[in-house]
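Q: Show me the folded form of this:
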Amino acid sequence: MSRPTRSRFRTLLDVSLLGLALIGPQAASAQADLPDYVIAEFGTPPAIPTGDLSPDLQQAVAVVFVESLAQSLWTTNQQEALADIVAADDPRLAWLISDMMRFTWRRDFDDALAQAAADLLGIEYTAFRRWDELTNHLIAWDIPAYPGYLAHKRGIFTHFVPGWDRIFVEGDIDWRMVSWGGVLIDDRPFGMDELCNCIPAVDNPEVETAAEATWLDEDDVVFGIEINGEARAYPRQIMEVREMVNDTLGGRDLGIPYCTLCGAMQAYFTDDVPGAVTRPVLRTSGLLIRSNKVMYDRATWSVFDTFLGRAVTGPLAEAGVVLDQATVLTTTWGAWKEAHPDTTVLVEELALGRDFDFRNGRDANGPIFPVGDVDPRLAVQDDVIGVVTASGTPVAFERGAAQLALQSGAEVTFENVRLALDAGGIRAVGQDGEDLGSHQAFWFAWSQFHPDTALWTP
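A: Just a heads-up that it's a prediction; the model follows:
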């Protein structure tokens, strides 16, 4: 079943053309193509002007978004310039307001920005989380950016985190969708495990045997990976603190991101990468795209689409790198070690004394960052097993239904893909039993990064 709506995540957009490629007739048709469920939830989008910002409007943008940052000011001069922005009636500028609201340092400034964006879009806020509501409308309505947007956005973000200066560059990424996740960039060299004001990746983690891991309970959630006969468990307790592991397993180098926000643990092969002089070292940037972590390679500063494993900026993007993916099984420690008695497991100390359960705590009521509209065929946080078929078709299997079918002895297939129960989890294999690199994720994440995904139904 193909997704009956438009493609919403334009990862093939060259930032050098961002705005130019999204104005004029293309922008008008994009607004007309919105599915009914978007209109029902978010209302009718405003009319969008085309072309460059006028010189006067560019000056107003500079006063509000450049002078206020450089001098930490919110004075009559900035207030009048913001009024000029509202009077211009150009909803495209709401993207820049959304970016600035993520970093505002005083309430009256945030109030003024929020009201300006509401006026530009013709919306009324219904909740305290105004930034979320504003950004959700921008994404769902697919409001285009204006020419020159990236330079303005880069100025805002790098003012607060200078380490992002090599991140915000032209590339094959839709910069409108990028927001701040609330932490700093992890730019530590490979092998450095000193604490930082970031989400600290771990490189070549210390491991122990199943018998030594007495700290794990049988029903603790782990992510299991097996490469060339070598098995390893990555406890969720550790991954919710680290979110990124660079490891070697079964003679292969791996970069292993875990996005707590979208329930997705993935494993990418990072050896023999075309265009890479050295092994890519994956790190967390501190940025998000529609509630999915943005990772980058510390060696080349190439940014990746984390969910797709595709380099979108830097030397690795120029080389067309798309990382191959290994299967990750979401299961319990008891089931994994029973199936793999020789498994190793990351040591408890890597959790840094923390024991988070974001899924059943912080994230229990849905995404805590803007995601825009979500394909309504499943609930936002339904677990799916996702994989791409031999024909290139992404397909999602609702985990609960697939597991019941498999346990009853039924076959669960789609094109060349067959699901199989494995160590308490579910693996996607090919017609000859070969591994196809599947993983589990929340539906909202899989469907927004694979907007044309098929959905298996029993």
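Q: mind listing what residue 398 touches?
A: 378, 382-384, 443, 455-457 (Cβ atoms under 8 Å, 6 or more residues apart in numbering). Heads up, the C-betas are built off the backbone N, CA and C, glycines and all.
Q: any idea how far it is from residue 233?
A: 25 Å (Cβ to Cβ, to the nearest Å).
Q: still on that earlier bit, can you say which of the contacts of residue 398 are buried?
A: Buried subset of those (neighbour count, 16 or more other Cβ atoms under 10 Å): 378, 382-384, 443, 455-456.
Q: Generate JSON lines for the residues you listed, with pLDDT as supplementary columns.
A: Below are those laid out as JSON lines (pLDDT from 0 to 100):
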{"residue": "378", "pLDDT": "96"}
{"residue": "382", "pLDDT": "95"}
{"residue": "383", "pLDDT": "96"}
{"residue": "384", "pLDDT": "97"}
{"residue": "443", "pLDDT": "96"}
{"residue": "455", "pLDDT": "98"}
{"residue": "456", "pLDDT": "96"}
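Q: want to throw these into a markdown table with distance to residue 428 and secondary structure?
A: Converted to a markdown table, those look like this (distance: Cβ to Cβ, whole Å; DSSP: H, G, I helix; E, B strand; the rest coil):
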| residue | distance to residue 428 | secondary structure |
| --- | --- | --- |
| 378 | 18 | coil |
| 382 | 17 | coil |
| 383 | 14 | strand |
| 384 | 11 | strand |
| 443 | 16 | helix |
| 455 | 15 | strand |
| 456 | 11 | strand |
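Q: Now distance to residue 182 too, for those residues, in TSV please.
A: Listed next are the buried ones among the contacts of residue 398 as TSV, based on distance: Cβ to Cβ, whole Å:
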residue	distance to residue 182
378	28
382	26
383	25
384	26
443	24
455	32
456	35
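Q: Run the chain-centre distance for stretch 327-334.
A: Chain-centre distance of stretch 327-334: 22 Å, with Cα atoms, centre = their mean, to the nearest Å.
Q: Show me the two of the contacts of residue 398 that sit farthest apart.
A: 383 and 457 (15.2 Å; Cβ to Cβ).
Q: in the stretch 301-450 of the chain, which spans are strands?
A: Under the criterion DSSP state E, counting those that start in this stretch, the stretch 301-450 of the chain contains strands at 303-305, 310-311, 325-326, 329-332, 344-346, 383-388, 394-398, 413-414, 417-422, 425-429, 439-442.
Q: got TSV for these, with distance to residue 357 too?
A: Listed next are these as TSV, based on distance: least, Cβ to Cβ, whole Å:
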stretch	distance to residue 357
strand 303-305	27
strand 310-311	31
strand 325-326	25
strand 329-332	14
strand 344-346	17
strand 383-388	15
strand 394-398	23
strand 413-414	32
strand 417-422	24
strand 425-429	19
strand 439-442	15
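Q: between those, which gets nearest to residue 66?
A: Here strand 303-305 is closest among the strands of the stretch 301-450 of the chain (Cβ to Cβ), at 24.5 Å.
Q: what pairs with that closest one, and is each one parallel or antiparallel?
A: strand 292-297 (antiparallel), strand 310-311 (antiparallel) (DSSP bridges).
Q: tell me how far the ends of stretch 48-64 are from each other?
A: 21 Å (Cα to Cα, to the nearest Å).
Q: in the protein, what spans have low per-residue confidence?
A: Across the chain, the ranges flagged by pLDDT under 70 are 1-32, 364.
Q: residue with max distance from the center of it?
A: residue 76 (38.0 Å; Cα atoms, centre = their mean).
Q: contacts for the longest helix seen in the chain?
A: When the chain is parsed with DSSP state H, its longest helix is helix 107-121. For helix 107-121, contacts defined as Cβ under 8 Å, 6+ apart pick out 45-46, 68, 74, 79, 82, 85-86, 89-91, 93-94, 97-98, 100-101, 104, 124-125, 130-131, 134, 137-138, 141, 143.
Q: check contacts around the nearest residue to residue 366 once chain neighbours are set aside.
A: In space, and not counting its chain neighbours, residue 366 is closest to residue 380: 5.4 Å by Cβ to Cβ, 6 or more residues apart in numbering. Neighbour list for residue 380: 366-367, 371, 374, 442-444 [criterion: Cβ under 8 Å, 6+ apart].
Q: Out of these, which end up buried?
A: Going by neighbour count (16+ other Cβ under 10 Å), the contacts of residue 380 have 367, 371, 374, 442-444 buried.
Q: Thought residue 312 was touching residue 322, still the case?
A: No. Between residue 322 and residue 312 there is no contact under Cβ atoms under 8 Å: 10.3 Å.
Q: who has more neighbours, these two?
A: residue 312 (23 against 15; other Cβ atoms under 10 Å).
Q: Quick check: can you list the domain ranges of the protein?
A: The record assigns the chain these domain ranges, following automatic domain parsing: 15-175, 202-351, 383-456.
Q: mind listing what the nearest residue to residue 275 once chain neighbours are set aside touches?
A: Spatial nearest neighbour of residue 275, excluding adjacent residues (Cβ to Cβ, 6+ apart): residue 319 at 2.5 Å. Listed by Cβ under 8 Å, 6+ apart, the contact partners of residue 319 are 274-276, 311.
Q: Identify each buried residue in the longest helix of the chain, please.
A: 109-110, 112-114, 116-121.
Q: and the angle from the helix or strand following it to helix 107-121?
A: Per DSSP states H and E, the first helix or strand lying C-terminal to helix 107-121 is helix 130-141. Here helix 130-141 points in a direction 20 degrees away from that of helix 107-121 (axes from the mean of the first three to the mean of the last three Cα atoms, to 10 degrees).
Q: helix or strand right after helix 130-141?
A: As the chain continues past helix 130-141, the following element, by DSSP H and E, is helix 149-160.
Q: which other helices and strands contact that next one?
A: helix 68-71, helix 94-101, strand 178-180 (3 or more Cβ pairs under 8 Å, 6 or more residues apart in numbering; DSSP states H and E).
Q: highest average neighbour count across these?
A: Comparing these by mean neighbour count (mean count of other Cβ atoms under 10 Å), helix 94-101 ranks first with a mean of 24.
Q: one step back: give me the buried entries from the contacts of helix 107-121.
A: Applying 16+ other Cβ under 10 Å to the contacts of helix 107-121, the neighbour count classes 45-46, 68, 74, 82, 85-86, 90-91, 93-94, 97-98, 100-101, 104, 130-131, 134, 137-138, 141, 143 as buried.
Q: Might you report the residue contacts of residue 271?
A: Contacts of residue 271 (Cβ under 8 Å, 6+ apart): 252-253, 279.
Q: Distance check, it against residue 279.
A: 6 Å.
Q: what do these two both touch?
A: residue 253.
Q: mind listing the strands in the stretch 151-300 of the chain by residue range?
A: For the stretch 151-300 of the chain, applying DSSP E, counting those that start in this stretch gives strands covering 178-180, 202-203, 207-209, 221-227, 230-235, 244-249, 252-259, 264-265, 267-269, 282-289, 292-297.
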